[in-house]
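[1] Sequence and predicted structure below; questions after.
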Amino acid sequence: MKRQLLAVGRRHVEALASSTGEYVVVCARTGTRPVPVAGKRFPDRRRAVAAAAAASIYRAHLRTYDERTPVYDLVACQDTVVSHTNERTTASAAGPLGETA
């Protein structure tokens, strides 16, 4: 059941994302963009906020598998950086079974 919740959460974030969006979801403290929002962009603030909430829930479920899963204060923000190749993710942000975004 928990794996299904993770899959649903990941699909929800993917459905909110767009390839050309100008909003991203980051940790307010560190700037990290963890799974499931790593590498994802969102077309507007509303969808980015929804993705941040979904990602927080996803990561709480992920923490039931591994209590060492980092907690992030996820926020939606407008990305002013033109280059999208410098995304920050961490190895500890990998999904279940070592999946990455």
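    Happy to help now that I have it.
[2] hmm, who's touching the helix or strand of the chain with the lowest mean pLDDT?
    When the helices and strands of the chain are scored by mean pLDDT, DSSP states H and E, helix 2-16 comes last with a mean of 92. Taking contacts as Cβ atoms under 8 Å, 6 or more residues apart in numbering, the residues outside helix 2-16 that touch it are 36-37, 40, 42, 47-48, 50-51, 54-55, 57-58, 61-62, 64-65, 95-96. Bear in mind the C-beta positions are built from the backbone N, C-alpha and C, glycine included.
[3] rerun that using 6 Å as the cut-off
    Pro36, Phe42, Arg47, Ala50, Ala51, Ala54, Tyr58, His61 (Cβ atoms under 6 Å, 6 or more residues apart in numbering).
[4] continuing past that helix, what's the next helix or strand?
    Counting by DSSP states H and E, the next helix or strand C-terminal to helix 2-16 is strand 23-27.
[5] And that following strand, what does it pack against?
    On a contact count with 3 or more Cβ pairs under 6 Å, 6 or more residues apart in numbering; DSSP states H and E, strand 23-27 meets helix 45-65, strand 74-78.
[6] Kindly format the C-alpha coordinates of it as PDB.
    Output of strand 23-27 as PDB, limited to C-alpha atoms (Å, rounded to 0.1, in the frame of the first residue of the first chain):
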ATOM      1  CA  TYR A  23       8.500  27.900 -11.200                       C
ATOM      2  CA  VAL A  24      10.400  25.300  -9.200                       C
ATOM      3  CA  VAL A  25      10.100  23.700  -5.700                       C
ATOM      4  CA  VAL A  26      13.100  24.000  -3.400                       C
ATOM      5  CA  CYS A  27      14.000  23.700   0.200                       C
END
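[7] Next one: Thr90, what pLDDT does it get?
    Predicted confidence (pLDDT) for Thr90: 39.
[8] Please apply the same query to Ala93.
    pLDDT, read off for Ala93, is 40.
[9] same deal with Ala50?
    98.
[10] What residue, apart from its backbone neighbours, is nearest it spatially?
    Excluding its sequence neighbours, the residue lying closest to Ala50 (Cβ to Cβ, 6 or more residues apart in numbering) is Leu16, at 5.7 Å.
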